[in-house]
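Asks: Starting from these lines, generate the structure:
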Amino acid sequence: MNLKEKIQQAWINRNQIAEGFYNSYLSHNEEIKEEAARRLSLCRENVCGFWDETGTNPRIAVKNKPGCILCGCNGKLKTSCMSCECPLQAVGETPRWTAVMTLEQEQEIEKIKQQQ
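Replies: Next up, the predicted model:
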């Protein structure tokens with residue numbers, strides 16, 4: 001995947017990337033952190049063969065950061081995104097972990113929290 005394709009893919013997934021960044025670095029929600037850690041440990045088992053711990057595969061969007069070569073995502077951000085799921089479904093396999101809620105549900109919760 002060349003740089004242009006990485007940028008285009010990041011733009012398409014910008015809401016989920018932002019969610020993963022927020023949950024990973026800014027949120028203090030322990031349930032989210034526990035779920036993210038569970039997901040990341042499943043990825044690191046590399047049962048599927050798509051995990052790159054070194055982040056050196058050219059398909060990884062963030063160079064030298066562990067991630068999934070199937071979707072190209074940074075592992076920490078992807079597993080911290082509660083509206084994201086393991087990308088194995090794209091190749092006809094059962095995902096190792098699934099979304100907890102849709103992005104729309106999460107945005108609705110954020111709207112309610114801001115109104116309080």
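
Asks: Please make it C-alpha for all contacts and neighbour counts, starting now.
Replies: Noted.

Asks: List the buried residues for stretch 49-63?
Replies: Residues of stretch 49-63 classed as buried by neighbour count (16 or more other C-alpha atoms under 10 Å): 50, 51, 52, 53, 55, 56, 57, 59, 60, 61, 62.

Asks: Apologies, that question was intended for stretch 31-51.
Replies: Per 16+ other C-alpha under 10 Å, stretch 31-51 contains these buried residues: 32, 33, 35, 36, 39, 40, 42, 43, 44, 50, 51.

Asks: and residue 69, how far is that from residue 87?
Replies: Using C-alpha to C-alpha, to the nearest Å, residue 69 is found at 10 Å from residue 87.

Asks: would residue 79 count as being in a helix?
Replies: Yes: according to DSSP: H, G, I helix; E, B strand; the rest coil, residue 79 belongs to a helix.

Asks: for the closest residue to it other than its chain neighbours, what are its contacts?
Replies: Leaving aside its chain neighbours, residue 79 sits nearest to residue 36 (5.0 Å; criterion: C-alpha to C-alpha, 6 or more residues apart in numbering). Residues in contact with residue 36 (C-alpha atoms under 8 Å, 6 or more residues apart in numbering) are 76, 79, 80, 81.

Asks: Those: which two are farthest apart?
Replies: By the measure C-alpha to C-alpha, 76 and 81 form the most distant pair in the contacts of residue 36, at 8.9 Å.
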